[in-house]
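*Asks:* Sequence and predicted model, in that order:
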Amino acid sequence: MISKRKIHFLWALVLLILFYILLYSVIGQGYFSHSDYDSYTRQAACWWEGRASLPENVPWLEIAEYEGEFFVSFPPFPSVVQFALYPVFGMNMPDNLINTLFGIGAFVFVYLALRRKQYSELYSAILALLMTLGSNLFYLSVTGWVWFSAQVQAFFFCALCVYLIFSERKIAWYFSFAALGAAFACRPFQIVYFPLILYLLYKNIYDGKGFVRTILSCVKYVLPLVLIGALTAAYNYVRFDSFFEFGHNYLPEFASEPQFSFNYIGSNFLEILKLPKIVDGSLMPPKFNGTLFFLVNPVYVMLAISWFRQKRGAKQRIYLLCLILHFVLMLSHRTMGGWQFGARYLVDMIPFMIVIIAQDRTLLKRSYESKFPVMPVILAATGVIINVYGAIWFYTAA
C-alpha cells in the first residue's frame, strides 16, 4: 500500500506527468523523438570524434564562426549528458524526453528541499507544482530545443544544489557546489547565487570558533565548483582563445550591437511587463521577448509574500543582492529570449526562491497545523492553467 505520507507527492507527480503526456500528444511529439534544434547532440558527436568544432554551419541553429571553424555558441554542460548517451542513441538522441525528465527531476528536488525544511507533504507538493508545472519551466521542458535544454538543466541543478546544502551530511555539501558548477556550465548567470550558497555553508559549519576559521573550513567544499568552472573556462579557450567567451559574441546578430549593455535595461524591463491581448475572441500572449513575468510565473507573488513576512537577516539580504544582480545582468542582455511564451529568462531565478520561501514562518506554521494552503493553491492553480494553455499555444499556434 502507498504510505499516507507519500500520497501528496505521488498525486502531484502524476499530475505533472499527465500534463507532459497531454502536451506530447497535442503537439504530436513521440516520447523518444529527436529535436531538430539539436546543437548539444551535434557537439556530443564531435566530442566522440575528438574535436570541439562542428563539421559545418547549421543555418537554423545559433552557430558561432571563429577563425573559419564552427562551434556551438552555448555553455557546454548539456552535451555532457548527451555524450554519455551517444553510444546508445547516436544522432537519434531523445533530447525531448531528456529535457522532460530534467523537468520532472526539478519538481522532485524542489519538493525534497521543502520537506527538508519541515514543510508538510501537502505544502511541499503544492509549492513544488507552483515552481515547475505552474511556471514557464513547464513549456521549456516539453522539448529538447537547444535554447531550452540549458535552462531546464540549470533549474534542475540549482534545485539540487539547494536541496543538498540543506543537508546535515557534510558529503552533500561537496555535491551542492558541484551542482552549482553544473548549473553555471548551463547558464553562467547562476553563479551570482554563489554568495548565498556559501553563506548557507558557513552557517552549516559555524561552531562559534571564529569567522576566519569557519571560512577556511568552507574552502574544500567549494573545490568541485572551482574544478567545473576551470574545465568550462578551458573549453572556452580551446574554442575561442578566451576563458570567458562562450561563443555568442561571434554570432552575426552581435556583429553591430553589443551582447550586453546597461542601455538595454529600461526597454527590456518594459518587455517583461507586457500583457496578453484578446484577438478574435482568443487570448494571445505576446510572442517576442516576454510577458508580465509574475503572471506567467506566479511564484514571484509567493516570493514577495514570504519576503515581507520575515525578518531581513543576513541570509535575506544576501539573497536580495544576488537576485538584484541577476536581474540587472539579465536585463542588460540585448534580447529577453526572443520568440517564446511568457518570460523564460525569469525562470532562472526560481530555484533559489526555495531559500526564502522555506523561511516563511507563517506558511510553515499553517503547514504544521495542517491548515489548507489557500494562497499556494490559488497561485499554483493559476500558474498551471496559464502555463498549460501557454505551452499548447506556443507549440501549436504561435
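*Replies:* Received it, and whenever you're ready, just let me know what you need. Numbers count the residues shown, from 1 in each chain.

*Asks:* ok, and the closest non-adjacent residue to residue 23?
*Replies:* Using C-beta to C-beta, 6 or more residues apart in numbering and skipping the chain neighbours, the partner closest in space to residue 23 is residue 142 (4.9 Å). Backbone N, C-alpha and C define where each C-beta goes, glycine included.

*Asks:* okay, now that neighbour: neighbour count?
*Replies:* Residue 142 is flanked by 25 other residues according to other C-beta atoms under 10 Å.

*Asks:* so it, which of the three states?
*Replies:* coil (DSSP: H, G, I helix; E, B strand; the rest coil).

*Asks:* so who does it touch?
*Replies:* By C-beta atoms under 8 Å, 6 or more residues apart in numbering, the residues touching residue 142 are 20, 23-24, 27, 29, 96, 99-100, 391, 395.

*Asks:* Swap in 10 Å and give it another go.
*Replies:* Contact analysis of residue 142 by C-beta atoms under 10 Å, 6 or more residues apart in numbering lists 19-20, 22-24, 26-27, 29, 96, 99-100, 103, 148, 152, 391-392, 394-395.

*Asks:* Only the buried residues of the helix ranked longest in the chain, if you could.
*Replies:* Across the chain, the longest stretch assigned as helix under DSSP state H is helix 211-240. Neighbour-count burial for helix 211-240 flags 214, 217-218, 221-222, 224-225, 228-229, 232, 235-236, 239-240 (criterion: 16 or more other C-beta atoms under 10 Å).

*Asks:* Ok, stretch 276-288 next?
*Replies:* Residues of stretch 276-288 classed as buried: 276, 285-286 (neighbour count, 16+ other C-beta under 10 Å).

*Asks:* pLDDT weak spots in the stretch 1-150 of the chain?
*Replies:* 1-5 (pLDDT under 70).

*Asks:* how about 50 then?
*Replies:* The stretch 1-150 of the chain contains residues with pLDDT under 50 at 1.

*Asks:* which residues of it fall in helices?
*Replies:* Counting by DSSP state H, counting those that start in this stretch, the stretch 1-150 of the chain has helices at residues 7-26, 39-48, 77-89, 95-116, 121-131, 137-140, 146-165.

*Asks:* Measure how the longest one sits relative to helix 7-26, angle-wise.
*Replies:* When you say that, I think you mean helix 95-116. The directions of helix 95-116 and helix 7-26 differ by 160 degrees, with axes from the mean of the first three to the mean of the last three C-alpha atoms, to 10 degrees as the criterion.

*Asks:* can you start the count at 48 instead of 1 from here on
*Replies:* Done: numbering now begins at 48, and the last item shifts to helix 142-163.

*Asks:* So which other helices or strands are in contact with helix 142-163?
*Replies:* Judged by 3 or more C-beta pairs under 10 Å, 6 or more residues apart in numbering; DSSP states H and E, helix 142-163 is in contact with helix 54-73, helix 86-95, helix 124-136, helix 168-178, helix 184-187, helix 193-212, helix 400-404.

*Asks:* Contacts for stretch 240-248, please.
*Replies:* So stretch 240-248 is contacted by 205, 208-209, 211-213, 220, 223-224, 226-228, 230-231, 261-262, 264-265, 268-269, 272, 276, 361-362, 364-370, 372-373, 395-396, 398-399, 402-403 (C-beta under 10 Å, 6+ apart).

*Asks:* thinking again about what came up before, can you add mean neighbour count and distance to residue 328 and give the helices of the stretch 48-197 of the chain back as CSV?
*Replies:* Listed next are the helices of the stretch 48-197 of the chain as CSV, based on neighbours: other C-beta atoms under 10 Å; distance: least, C-beta to C-beta, whole Å:
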stretch, mean neighbour count, distance to residue 328
helix 54-73, 16, 20
helix 86-95, 22, 38
helix 124-136, 18, 40
helix 142-163, 23, 32
helix 168-178, 27, 29
helix 184-187, 28, 23
helix 193-212, 27, 30
